[in-house]
Structure formats: structure tokens, C-alpha cells
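A.B. asks: Provide a 3D model corresponding to the input given below.
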Amino acid sequence: MNYEKKILSAINSFWTTKEEQGNVLAGKQLDAFLGLLTSVAVDAGVPSECVYLTNNHIPGYYRATKDWDLLIISPKGNLIAAIELKSQVGSYGNNLNNRTEESLGSSEDFWTAFREGSFRCNQSPWLGYMMVVGKDEDSAHVVKVSEPHYKVRPEFKGASYLDRYQILCERLVLEHKYSAVALIATSNKDHYESLCDRISIESFISSFRGHLLGLENEFSK
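C.D. replies: As a prediction, this is how the structure comes out:
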């Protein structure tokens, strides 16, 4: 199925909400993306009552619980999917490292808790991470690296913040930290782009939908 119109609608909502509310209710800026992912799940045969968007605390391993942005739990009580959504527009230098540590920490905590049987699963759940990042002069310019003791990896030299986000997101998938990752670059209400097909929102949706379509028995009455 083609979700391009809903993706564009979510981008428009992201910027509109940001303009209206600033950073006061930053989480609300991504609500339309949660609606998009809910539509994908329902279209794949998941009953709407199995999609949870609030009070999504599930057990961790290094911490007591983690509140995910979207959970799918089957009528049988099995955890099917968990998704985290983040955004960053401005203050890239202050927040890129935080986003890196958060994404790695959440993944490590999740998969270790899964290994230890902290939540009910019939098979390995699908774990997703979606990042919406502004494409502007600040995010596109080359970032200096600090090398007081050792040389950084060559791919980070001459890289912008957008490049660094791309490297992060590609490696989160490459190292099996997440089942799929989407990096969405956007400059205004009418524009979004993918920096790499492997971490495009289209590939993310395809992976998510494919996982759900393969679990028809989990949702059958």
C-alpha cells in the first residue's frame, strides 16, 4: 500500500504543531506519525484495540520500565512490536550525542529484557526507531571533530550533523539494535526526504507491515 499522502500529512502536522506549541509539548509534534503507524498496523490486520499509544510501560533489564511510544500486543498477550519516535530541529550539537546514547540504551535494555523473559512473546518482537530531523543550514554544515588523543573514524571527518544521524541510523540496523530505523529529513511543511533507502520511512513501513502480515494467527479470533 502507498502511504505517501499520510506521510506528507504527518510532516505537515509536525511543523504546524511545532509552530503552534514550540517545545512546550514537543511530543505532540509526532502524534500524526503515530496515527500513520496505527493505520499501517490496522491495514495489516491488527485490531485497533491491540495498538497502544499511551501508558506503554513494559519491563526493562537495566531499569524497571520503559515507556514506548507505540506498542502492539496481541489478544493472547504477546508483545508484537514496540516503536520509539524522536525529533530534532535545532540545537544539533547539544542533542545528537544524547539521541545516540538514548537509542543504544533503549535497544540494549529491550533485547536483554526480552532474553530474560521480562515480557510475554511468542517470537522475537519487532523493534522500531523513527527519527525526524530538520534539514537546514545548521544541520547540513560540516562539523569539526575533536581529536586530542586519538583519531576519529574517517567517515566522521567532513561529516555534517545530518551525515552523523545517517551513520547512526544505518548502524543501528546493521548491528541489529533495531528491526528497522527511519531517518526523515525535513525543511518545511511540504518537504521530506530520505538520506538512504535502507533507513527511509518507506522501508520502515514495509518492514513493519511485513512483520505484522506474517502474524495473522496472533490476531485471529
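
A.B. asks: And the helix or strand of the chain with the lowest mean pLDDT, how far out from the chain middle?
C.D. replies: Least confident helix or strand of the chain, by mean pLDDT, DSSP states H and E, is helix 216-219 with a mean of 86. The chain centre lies 24 Å from the centre of helix 216-219; the measure is C-alpha atoms, centre = their mean, to the nearest Å.

A.B. asks: Repeat that for stretch 149-159.
C.D. replies: Centroid separation for stretch 149-159 versus its chain: 26 Å, with C-alpha atoms, centre = their mean.

A.B. asks: One more: stretch 188-202?
C.D. replies: How far stretch 188-202 lies from its chain's middle: 13 Å, per C-alpha atoms, centre = their mean.

A.B. asks: which stretches of this protein have low pLDDT?
C.D. replies: Scanning the chain for pLDDT under 70 picks out 22-27, 221.

A.B. asks: For it, which segments count as strands?
C.D. replies: Shown for the chain, the strands assigned by DSSP state E span residues 51-52, 57-59, 65-67, 70-73, 79-88, 126-134, 180-188, 191-194.

A.B. asks: Of those, which is nearest His211?
C.D. replies: strand 126-134 (4.3 Å; C-beta to C-beta). The C-beta positions use only the backbone N, C-alpha and C, and glycine is treated the same way.

A.B. asks: got the CA positions of the closest one in CSV?
C.D. replies: Extracted in CSV, the C-alpha atoms of strand 126-134 (Å, rounded to 0.1, in the frame of the first residue of the first chain):
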residue,chain,number,x,y,z
TRP,A,126,9.7,-6.1,16.0
LEU,A,127,11.6,-3.1,17.4
GLY,A,128,11.5,0.2,15.5
TYR,A,129,13.1,3.6,15.9
MET,A,130,12.0,6.7,13.9
MET,A,131,13.9,10.0,13.8
VAL,A,132,12.6,13.2,12.3
VAL,A,133,15.4,15.7,11.9
GLY,A,134,15.4,19.2,10.5
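
A.B. asks: and the angle for it with strand 180-188?
C.D. replies: For strand 126-134 against strand 180-188, the angle by axes from the mean of the first three to the mean of the last three C-alpha atoms, to 10 degrees is 20 degrees.

A.B. asks: Could you list the paired strands of strand 126-134 along with their orientation?
C.D. replies: strand 79-88 (parallel), strand 180-188 (parallel) (DSSP bridges).

A.B. asks: elements contacting the helix ranked longest in the chain?
C.D. replies: Looking across the chain with DSSP state H, the single longest helix is helix 92-115. Helix 92-115 sits against strand 65-67, strand 79-88, strand 126-134, helix 161-174, with contacts defined as 3 or more C-beta pairs under 8 Å, 6 or more residues apart in numbering; DSSP states H and E.

A.B. asks: Switch the ones you listed over to CSV; also include distance to Ile201 and mean neighbour count.
C.D. replies: Listed next are the helices and strands packed on helix 92-115 as CSV, based on distance: least, C-beta to C-beta, whole Å; neighbours: other C-beta atoms under 10 Å:
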stretch, distance to Ile201, mean neighbour count
strand 65-67, 23, 14
strand 79-88, 11, 22
strand 126-134, 7, 24
helix 161-174, 11, 19
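
A.B. asks: Among the strands paired with strand 126-134, which comes closest to Trp15?
C.D. replies: Smallest distance to Trp15 across these (C-beta to C-beta): 6.4 Å, for strand 180-188.
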